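Undergrad: quick one: sequence plus predicted model below, questions after.
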Amino acid sequence: MTTDPNPSDERTARTDEQRDEQSTDANGAGAAEAANGVGAAEAADGAGAAEAANGAEAADGAERSDDGPEIVDGRTIEHLLTDHERDIAATAEGTDATAAKRPSLDLPRLELGRRDFMKAGAAVGAMSGLAGCTSILADDEGDDSGGAAASGDHSVAPGEHDEYYGFLSGGHTGEIRVVGIPSMRELMRIPVFQTESARGFGHDAKSSAILEEGGGYTWGDTHHPRVSQTDNDYDGRWLFVNDKANGRMARVDLKYFETDAITNVPNSQAVHGACMQLPDTQLVFGVGEFRVPMPNDGRDVDDPDAYGSVLTAIDPETMDVEWQVEVDGNMDNGDGGKEGRWFFATGYNSEEGVTEGEMARSDRDYVKAFDIPAIWDAVEAGEYEEISGVPVVDGTMESSLNEGDRPIVRYVATPKSPHGVSVTPNGDYAIASGKLDPSCTVIDVEAIAEVDDPQDAIVGQPRIGMGPLHTAYDGRGHAYTTTFIDSEVVKWDYEAAVEAEAGSEEPVVDRHDVHYNPGHLIASESYTASPQGDYLISLNKLSKDRFLPVGPIHPENDQLFHIGDDDAGLELIKDKPSYPEPHDASIVHKDKIEPAKTWDPADYELDYVAEGEESIERIDDSTVEIEMWARRNQYAFPDVTVQEGDEVTIRISNVETTSDVIHSIAIPEYDVNLALAPQDTREVTFTADQPGVYWAYCAYFCSALHLEMRSRILVEPQD
Ligand code: RUQ
Ligand code: CUA
């Protein structure tokens, strides 16, 4: 694309400085007032959080009893899931069912009416409260219940900056949210797979083309945001995130916090896990979840045996698909080893069933270890089939490429439907969480290449709790695993797990309730070789009664823990209600991200329109091109006249050089809305098919004369 440094940049800058001087007073007053407002809001918030923490801890304490594991041991996973489903169902009717969770296992189930169930729950809750509480409850009271921890060391005063950026996925909103940590203040949202009006994403030509080339869907389902790394540490360049809904991978440019590419992945219906080859982000991987015919063009519709699921390797620079590997069974999550050779993906449905019952029948599923250099060798040797224009390598168990001493995929059998997998910071182990099994499986990464039977690479299998989903690290040898059914974050020592017997709970050093039913959790810089080890967020799917009720759709609950003090243990600091629904997050130290303050001329894709360069040009009978600028408090033209039926293209630059002076151009009834950061240039084309007067206006409140910042679009009727 062309680069056009603004020839009159200096002049524009001078004008701007003068203008800034004039408006300092008004702006200053506004800022002070705004800061005050924020302060007040935060104080109120702190109190609210403290109160919420109090209430919930008290309610939660009732569920704790020492007999949990014994009861759990005597029951099948199906019973536990049934109980768990009932917990959730009871919540919908207004009961705090979690309070009755474990003890309720002794009660007759399912045939209970709602009233009976509520009574039973309350009674059991009261009993276990009397029977004495575990030290966990005592800890909670000490650390979490007061406002002290909530507003103490980990607070961020108004006007101060957070230590970390948290990048949270937004699930089926299709976006990424940027949150400051530890304040948990939401700083920005980055539209990825959806149009979004505040940032004009999907409204200007460039972002519309990204969405269009990415398949033209109106939404996506973001799960796994991963920030690019160099030498196993964040380099702040890009963030990659999957779209589970439409099988895509997107890239966000972290200079502008803006989505700059979407790849529509062929042969893969649900791109779920997303992560990369380390140490230097050589490849981005999309882990295919749903099995479909390949290509999915109407063949083999009713022949599930012919369906397949693939791992997709994408070049991070070009965002082109390099190759895919077909495997047996469904895949789920993934993570890359630290040294570039191995990539790990969990999976369920090794049964290759198509109903829930069929998918969960087997007691074993697999962690697949992909040997990336060996796959490249196969691709280069032409040992693939081209499907939908992509080389697809056969990595199924029966494949000839999996015979011999350098198989491309090693299948490590682990208990029942492992879900999350993540590699320890030192690169020694890949740890998979059991989901339908109470254990985590510790796989020795180096051993994978050496053992004859992949099973022999399993070196630990500690018992964590019910429903382990995801594991994060603090860099001090601890793993933190969420347990969805038990609603806990469990801290354990992974070297101790290697020493201990399989099934032992001994490696567990701490556990803490979360509220409620956590999916992912993430610790600061957990995905790098050197996690910071201070903060951890548990992304809880249910908030139940933690917040003011807002109708039948509840917010979810992102809970922040301080994990920096191993003696004090896990310390709950904050609840943050969260719009559905963050799945995963990456936490990056602020020094590793360098966002632009204004647009950089070196990055222009469109010719910048400086003051004095504005023009209205009629190209032919029905085409008009307008080049204009915006600044406080006007557009280049106070009015623009076109004819009914004209195709009108507007290219517009925000000529401000002052950061945070954002303008936009919105045209009522024409569905036009471009956001313009300082020095940015955007373009839009529309057909002027409705005669009349249309006041183009600026939608960003940019200055005292913001309301006056308008331009009349006159569409003259055809005679
Ligand atoms: S997944 S809650 Cu989409 Cu990462 Cu596990
Ligand atoms: Cu420019 Cu409001």
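TA: Sure thing, it's come through. Ligands and ions are numbered 1, 2, ... in the order given.
Undergrad: ends of stretch 458-476, what's the gap?
TA: 22 Å (CA to CA, to the nearest Å).
Undergrad: dihedrals phi and psi, residue 619?
TA: The phi and psi values for residue 619, taken as degrees, to the nearest 10, are phi -80, psi -40.
Undergrad: nearest residue to it other than its sequence neighbours?
TA: Nearest non-adjacent residue to residue 619, counting by CB to CB, 6 or more residues apart in numbering: residue 625, 5.8 Å away. From N, CA and C alone the C-beta is placed, and that goes for glycine too.
Undergrad: am I right that that neighbour is in a helix?
TA: No: looking at residue 625 with DSSP: H, G, I helix; E, B strand; the rest coil, it is strand, so not inside a helix.
Undergrad: wait, what's in contact with it?
TA: Residue 625 is in contact with 615-617, 619, 648-649, 651, counting by CB atoms under 8 Å, 6 or more residues apart in numbering.
Undergrad: my guess is residue 486 contacts residue 466. True?
TA: Yes: under the criterion of CB atoms under 8 Å, residue 486 makes contact with residue 466 at 4.6 Å.
Undergrad: in the chain, which residue sits closest to ligand 1?
TA: Residue nearest to ligand 1 within the chain: residue 519 (2.9 Å; CB to the nearest ligand atom).
Undergrad: tell me, what residue is most central in this structure?
TA: Closest to where the C-alpha atoms of the chain average out (CA atoms, centre = their mean) is residue 169, at 2.0 Å.
Undergrad: for residue 692, see how far away residue 669 is.
TA: Separation of residue 669 from residue 692 (CB to CB, to the nearest Å): 8 Å.
Undergrad: so the two - more neighbours on which side?
TA: Neighbour count, other CB atoms under 10 Å: between residue 669 and residue 692, residue 692 has more, with 12 against 8.
Undergrad: what residues are bridge-paired with that one?
TA: Judged by DSSP bridges, the bridge partners of residue 692 are residue 715.
Undergrad: quick one: the helices in this protein?
TA: For the chain, applying DSSP state H gives helices covering 9-61, 68-73, 77-92, 114-130, 135-144, 147-151, 205-213, 356-359, 372-380, 445-450, 494-499.
Undergrad: on that earlier part again, type out the ChimeraX command that picks the buried ones from the contacts of residue 625.
TA: Only the buried entries of the contacts of residue 625 go into this ChimeraX selection, using 16 or more other CB atoms under 10 Å:
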select :616,648,649,651
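Undergrad: out of the contacts of residue 625, which comes closest to ligand 2?
TA: When the contacts of residue 625 are ranked by distance to ligand 2 (CB to the nearest ligand atom), residue 651 comes first, at 17.3 Å.
Undergrad: surely that closest one meets residue 607?
TA: Yes: Residue 651 lies in contact with residue 607 (CB under 8 Å); the separation is 7.3 Å.
Undergrad: identify the contacts common to these two.
TA: Common neighbours of residue 651 and residue 607 (CB under 8 Å, 6+ apart) are 627, 681.
Undergrad: top strand in the protein by residue count?
TA: strand 233-243 (DSSP state E).
Undergrad: how about stretch 281-292 and ligand 1, touching?
TA: No: Stretch 281-292 is not in contact with ligand 1 by CB under 6 Å from any ligand atom; minimum separation 8.6 Å.
Undergrad: buried residues in that stretch?
TA: Neighbour count says stretch 281-292 has 281, 283-292 buried, by 16+ other CB under 10 Å.
Undergrad: residue in the stretch 351-500 of the chain nearest to ligand 2?
TA: residue 472 (42.4 Å).
Undergrad: what number of residues lie near that residue?
TA: Number of residues near residue 472 (other CB under 10 Å) recorded here: 28.
Undergrad: so it touches residue 524, yeah?
TA: No: checked against CB under 8 Å, the pair residue 472 and residue 524 is beyond contact range at 9.2 Å.
Undergrad: overlap in contacts, the two.
TA: Residues touching both residue 472 and residue 524 (CB under 8 Å, 6+ apart) are 531, 536.
Undergrad: picking up where we left off before, can you check the pLDDT for the residue of the chain closest to ligand 1?
TA: Confidence at residue 519, expressed as pLDDT, is 97.
Undergrad: for residue 474, see how far away it is.
TA: Using CB to CB, residue 519 is found at 19 Å from residue 474.
Undergrad: what of residue 268?
TA: Counting by CB to CB, the gap from residue 268 to residue 474 is 34 Å.
Undergrad: before we move on, what about residue 261?
TA: 33 Å.
Undergrad: neighbour-wise, which of these two wins?
TA: Set residue 261 next to residue 474 and count neighbours by other CB under 10 Å: residue 474 wins out with 23 against 20.
Undergrad: residue contacts, that one?
TA: 480, 523, 526, 531, 533, 536, 563.
Undergrad: nearest residue to the fifth one in space, please, no chain neighbours.
TA: Nearest non-adjacent residue to residue 533, counting by CB to CB, 6+ apart: residue 474, 3.9 Å away.
Undergrad: next, the one you found: phi, psi?
TA: Here is the backbone geometry of residue 474 (degrees, to the nearest 10): phi -110, psi 0.
Undergrad: hmm, back to that, so what strands line up beside the longest strand of the chain?
TA: Assessed with DSSP bridges, strand 233-243 is paired to strand 226-230 (antiparallel), strand 248-253 (antiparallel).
Undergrad: out of those, deepest packed?
TA: Ranked by mean neighbour count under mean count of other CB atoms under 10 Å, the strands paired with strand 233-243 are led by strand 248-253, which reaches a mean of 23.
Undergrad: just the angle for that one relative to helix 205-213, thanks.
TA: Here strand 248-253 runs at an angle of 160 degrees relative to helix 205-213 (axes from the mean of the first three to the mean of the last three CA atoms, to 10 degrees).
Undergrad: show me the shaky parts of the stretch 401-550 of the chain.
TA: Low-confidence segments of the stretch 401-550 of the chain, defined by pLDDT under 70: none present.
Undergrad: for the chain, same thing?
TA: Scanning the chain for pLDDT under 70 picks out 1-152.
Undergrad: how about the residues of it near ligand 1?
TA: Checking the chain against ligand 1 by CB under 6 Å from any ligand atom, the hits are 223-224, 272, 333, 419-420, 469-470, 519-520, 583-584.
Undergrad: and the residue lying closest to residue 654 once chain neighbours are set aside, bridged to which residues?
TA: In this structure, residue 654 finds its nearest non-sequential neighbour in residue 676, 3.7 Å apart by CB to CB, 6+ apart. Listed beta-bridge partners, residue 676: residue 663 (assigned using DSSP bridges).
Undergrad: then residue 259?
TA: According to DSSP bridges, beta-bridge pairing links residue 259 with residue 252.
Undergrad: could you list the domains of this protein?
TA: 16-130, 201-592, 602-716 (automatic domain parsing).
Undergrad: and the strands in the stretch 451-600 of the chain?
TA: 458-460, 468-473, 478-483, 488-493, 508-513, 518-523, 535-540, 556-562, 571-578, 585-589 (DSSP state E, counting those that start in this stretch).
Undergrad: wait, the stretch 601-719 of the chain
TA: Using DSSP E, counting those that start in this stretch, strands in the stretch 601-719 of the chain cover 615-620, 623-631, 634-635, 639-643, 647-654, 663-667, 672-676, 681-687, 692-697, 710-716.
Undergrad: right, and the ones you listed - which one's nearest residue 442?
TA: Closest to residue 442 of these is strand 672-676 (CB to CB; 47.7 Å).
Undergrad: for the closest one, C-alpha coordinates in PDB please.
TA: Extracted C-alpha coordinates of strand 672-676, given in PDB (Å, rounded to 0.1, in the frame of the first residue of the first chain):
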ATOM      1  CA  VAL A 672     -22.200   6.100   7.900                       C
ATOM      2  CA  ASN A 673     -20.000   6.400  11.000                       C
ATOM      3  CA  LEU A 674     -16.200   6.700  10.800                       C
ATOM      4  CA  ALA A 675     -14.100   7.100  14.000                       C
ATOM      5  CA  LEU A 676     -11.000   9.200  13.500                       C
END
